[in-house]
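Engineer: missing the sequence, but the structure's below:
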């Protein structure tokens, strides 16, 4: 292993990224060290750079979803099924750690995604704490962080094509309770929306419609099995878009609508697309993009709507999403969602491309 | 039986009520005729008079929740448990009828409260169709309308003290999934809110807090077992009201919040009162009282909230609510919610009193 | 239309089938008359002939799942989505009718499959009541019976390949709550088991294993996507069969086991195949085939098992199953499950073949 | 604090209890030491002594549910709501610990009660590991074990009157999904059954019927609010007992039946007491008391039954049960379930009394 490790540091919101050199990490007992194979550049990284998340301990090493090769472990370590993880294994890991298992949220409400001690690689971990982000040649796996070996037949490119949208889209579909025969509308055609469209189909949806932009992402949606897509840059009138959905749903609206757009205005529009007694999942509002007017009578009460916020994801979502990827990779070919790969030195450009939506999925190759 | 029947007719929105004379009804086969014992004057009647509901076939005879004595039946009729209903029986009935059992909403979505053929006594039935509202000396029970004999120990005054708030509050609590040990906030202290407070307790809530006005209704809430109440006419700053709830919930917010206020502004306020991953029921927005600004990020997505619109009620809610009333009438004494009784001739004044909120529950005595 | 209609009558248990001639039916108002295109011969028909169902009003015309062409309607009739059904349309229909919508089971428990007034074509309808079974050249559709036009692209052979196993397997999978990533074992490889295997996959199962016999049915299961199959005629030791499942589930057992075998002994065996906190559906015990020993401690309590009886199916299951067939017919090719077609005159032989399990699916062609 | 601590040791199944002297424990960092106020003697202790549980690391110090006073803590420790626990506090604690939070059961299936690393005070902890059972003057609270201070108004006697039946009965009622208006039958009138009867009422049951023995326990059930009780020593014919339930449920059977008897024969009997589409919870079969014959057709499939095994309990059940006790202690007076208190020296006699069922609840007072 090298003695010095290069990593990209985001020193503060709005400040240029910096390449820094760190001491090579050593595996703590129960932990491990990875050589980074690939790291994601996602919308959250753009938001981090714009300072739209609170409580971020800058400077940070971004990159919360990653693949790497195990270089060393701190004694025997195992995956969730009890199988040993040995040096050489190609793994990803659950980026969330530190969930306490002792607090009211963990134990009474069982809403672990809201545990106040929860930390996230690449987001709420400081570069001063170690190599806890993927925009780095090496990543330190702390004790208690869950590693998942990539299943047979899945290469790092496949997994990174899903990226954090994979478990997030999975969680949204689970929360929606997509059932056999449901018609589903997905608002937003970014990685979360596309993965939601995939998992909605895998849950037995009769038809999935994707409403988004730009055209390249909608083309991807249709390749992935969407029954039809609507380009919001071409059809700019929300009423017309609602009509488009109602035309495809017997005039009733969709059984399920999944908001994965990040735009507050999607909310009232999506609720108009929903059938009476339908389910609406809000998974795209990860940062505060402002308020929006809704009509409590028409959108919620009379519609007998079920509206479900969906925050973060849990290990079970990542684990099951990865297993299903191994089964259905021939059908959905996640790796084709990767538009471009970047070197560490080009991380800044990757951020810019993400912001312009000129790529579907951007991946960093630190080595 | 009299040959002519007096009934109060609401000829059109904004027009004065009129007393009219009708032919005495005859029971159709499978139907019945009731002598009206009592009929409710509720917030919906006020909204009807203000023209805030669409699709109302004026002129109508208002009064959707009622008690009466069976005068005659059109051949043998039975209740849902198969017991015969004979002349002399004191009954209420499910005001919703005509649900088709054949359409997509009834059969596929199983959301019978959204069946397009559904009709409601006193609301969507015209006076031209017959005596299909309770502000009348007699009520015609059409074939297929479900009558429920009042259980042992329940008198018409007890049932009318609950009124339509009884099954509506029941439905809201069922929809909320109030569980053993939950802390519940009810926004609104009218009949729906007070009944929601009752059924939340019966569902095992640890504590129920009622936020509303005026003082008389809050006093009633405490008598009914609310752990504490907040007078919104005294505490006018929503932030302070949210703080009041957080002070009582370990800073986390309530497990369940039930909106029963009718005010759109209750929505963002109530969502701030909700704990992460909590459940929020919107049952108070029965008419369109306008739009409201919410923040999709903070109120829904990050909060991992579950927001549940609750429209109408089904027979099962009325049936079970009535059975529980029979068991718990000694504890909750529903009849004490009746502030005043009115003759048919005073129906206009009853409407005015309801509008001013000077009464909790107003009841008409047609005979 | 012919003036006389030939139909096969099962006069009583154990008695030979008879061909009888009936008056051609006339459509009642709201009803219809079909020319029968195909009718199913299923396991229930075998049980009927052995007298293993109680309450059957012999003589009957068997055949509860059918396809036909509308010859005439009694005035305008429509499907559940409100679209008119015209003469010439090729339809199936929901074989269950008469559910009252007024009783405790329908209204309070909402368990319509247990409504005591419920009747079923070909099973609980007497030949004296009319042509209410599919082993006949014509079928009378009574008013209130739900017809479903076959969707675009679905021919009668496709639908009949599913037969009653289609909605029954669908219902079993819905009741199991098969979720994304679940491993599912199906006990039994008859039509219900094979359809359960299909819908489990459509619900997002990671892998479906089918345990059954004979070989031809297991071959069909693998063609339909089963990850693996176990031939119970080759592996006769239940312990070994349980081990086979545990080998494929990390030693833990399956998330879901669906019993579709009809053999009481499948129950304890299947519960041993189930993981702790797994779900077990019993859908194969439609007739009383005897008692079986289970261990309440090991099979239920310590296993934290959820065991779900699954009786009949509802319109929603048939409707959604048919829509999904239209989407996935290219993948599952239901029609290939039909082993043999028979004329009306050969109905007795069809029964014998079903009893010997020498066919997967037997279909009658009355014309 | 004393230098030597007396504790009762169960050296092996069938061997007499022994009083032994141990070194006084010291609080580990994050842990604590309690002076024992009271410890439970429950049915599990009887089973332990008969060797009916596997995997018990004899010798053990029994006593899994306990109250004590904090003598010292290993640095700052807090309860689940983050409030500090200081010396002098009177607490109970969650007897289950060591749940790993890392394995498939914890993370994927979220069935923490089946985590293989889970340990239980007084049952799966050896006396060689320390004072990890309540039949001792002191108890060591290991780091990570959850202490719960008794709420305002609750004294150790109140909590011990509930004992382990409190969270177990709570869990059973939660698992049953007892809903507003349900009729519930509880089979078994021991501590679990009585607590299930309490929590079923708190969940909104319309009526709770308890079927059990002996008379003293049934008297307790009625005092606790059971609508009626059936003495199985007086009515020995199961068919008659089923009839007794059907007489009280309109002939339909109960919505929910909770088995808390420990007798395998209760299973088929209880399933006959259940209405179609009802829910049946098996919580009484904690040890293997043998097999039983059931009829899969009649008991499960045709009944459309939901049968739910219920193993152990989680922290959330104990926490919420304790909070509800604080609210409803005036109504249910749990302490009156304690029939007798014993000194450490009399532990053997307490075991004998439990076995003879001559006490409802037996409590040890170690100091």
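Structural biologist: Great, that's in hand. Nothing here was measured: the structure is a model prediction, and the numbers come from that model.
Engineer: residue numbers of the stretch 251-367 of chain A in contact with chain C?
Structural biologist: Where the stretch 251-367 of chain A comes near chain C, counting by C-beta under 8 Å from any C-beta of the partner chain, the residues are A:319-321, A:323-324, A:327. For the C-beta atoms, the positions are set from N, CA and C on the backbone; glycine is no exception.
Engineer: by neighbours, which of those residues wins?
Structural biologist: Across these, neighbour numbers were computed from other C-beta atoms under 10 Å in any protein chain shown; residue A:321 holds the maximum, 27 neighbours.
Engineer: do I have it right that that one meets residue A:170?
Structural biologist: Yes: look at residue A:321 against residue A:170 with C-beta atoms under 8 Å: they come within range, at 4.2 Å.
Engineer: now the common contact residues for those two.
Structural biologist: Residues touching both residue A:321 and residue A:170 by C-beta atoms under 8 Å, 6 or more residues apart in numbering or on different chains: A:195, A:199, C:180.
Engineer: just the closest of those to chain D, please.
Structural biologist: Distance to chain D across the shared contacts of residue A:321 and residue A:170 (C-beta to the nearest C-beta) is lowest for residue C:180, with 11.7 Å.
Engineer: who's in contact with that closest one?
Structural biologist: Counted by C-beta under 8 Å, 6+ apart, residue C:180 has contacts A:170, A:173-174, A:199, A:202-203, A:320-321, A:324, C:203-204.
Engineer: how about it, secondary structure?
Structural biologist: coil (DSSP: H, G, I helix; E, B strand; the rest coil).
Engineer: again with residue A:303
Structural biologist: Using three-state DSSP, the structure places residue A:303 in coil.
Engineer: quick check: residue A:307 vs residue B:305, distance?
Structural biologist: For residue A:307, the distance to residue B:305 equals 8 Å [C-beta to C-beta, to the nearest Å].
Engineer: the more surrounded of those two?
Structural biologist: Between residue A:307 and residue B:305, residue A:307 has the larger neighbour count (other C-beta under 10 Å), namely 29 against 25.
Engineer: tell me the pLDDT of the closest residue in space to that one that isn't next to it in sequence.
Structural biologist: Once flanking residues are discounted, residue A:307 sits nearest to residue B:307: 4.0 Å by C-beta to C-beta, 6 or more residues apart in numbering or on different chains. Per-residue confidence (pLDDT) for residue B:307: 98.
Engineer: wait, is residue B:307 part of a helix?
Structural biologist: No: applying three-state DSSP, one finds residue B:307 to be strand, outside a helix.
Engineer: just give me the neighbour total for the closest residue to residue A:199 other than its chain neighbours.
Structural biologist: Closest residue to residue A:199 apart from its sequence neighbours, by C-beta to C-beta, 6+ apart: residue A:173 at 4.0 Å. By other C-beta under 10 Å, 31 other residues sit near residue A:173.
Engineer: ok, now which ones touch residue A:173?
Structural biologist: Residues near residue A:173 by C-beta under 8 Å, 6+ apart: A:196, A:199-200, A:202-203, A:258, C:180.
Engineer: over to residue A:285?
Structural biologist: A:259, A:262, A:264, B:296-297, B:300-302.
Engineer: out of these, which is nearest to chain D?
Structural biologist: Comparing the contacts of residue A:285 against chain D with C-beta to the nearest C-beta places residue B:302 closest, at 20.6 Å.
Engineer: for chain C, what's the nearest residue on the stretch 251-367 of chain A?
Structural biologist: Of the residues in the stretch 251-367 of chain A, the one nearest chain C is residue A:320, at a distance of 3.2 Å by C-beta to the nearest C-beta.
Engineer: can you report phi and psi for the nearest residue to residue A:111 once chain neighbours are set aside?
Structural biologist: Excluding the flanking residues, the one nearest residue A:111 by C-beta to C-beta, 6+ apart is residue B:277, at 3.7 Å. Phi and psi for residue B:277, reported as degrees, to the nearest 10, are phi 60, psi 20.
Engineer: tell me the pLDDT at residue B:277?
Structural biologist: According to the prediction, residue B:277 has pLDDT 94.
Engineer: touching, it and residue B:303? I think so.
Structural biologist: Yes: applying C-beta under 8 Å, one finds residue B:277 in contact with residue B:303, separated by 7.4 Å.
Engineer: and the lowest-mean-pLDDT helix or strand in chain A, what does it pack onto?
Structural biologist: Lowest on mean pLDDT, DSSP states H and E among the helices and strands of chain A sits helix A:104-107, with a mean of 88. Contact analysis of helix A:104-107 by 3 or more C-beta pairs under 8 Å, 6 or more residues apart in numbering or on different chains; DSSP states H and E lists helix D:315-332 as its packing neighbours.
Engineer: after the helix it packs on, which helix or strand is next?
Structural biologist: Note on helix D:315-332: by DSSP states H and E, the next helix or strand toward the C-terminus is strand D:338-343.
Engineer: what about stretch A:125-140, how long is it end to end?
Structural biologist: The first and final residues of stretch A:125-140 sit 12 Å from each other (C-alpha to C-alpha, to the nearest Å).
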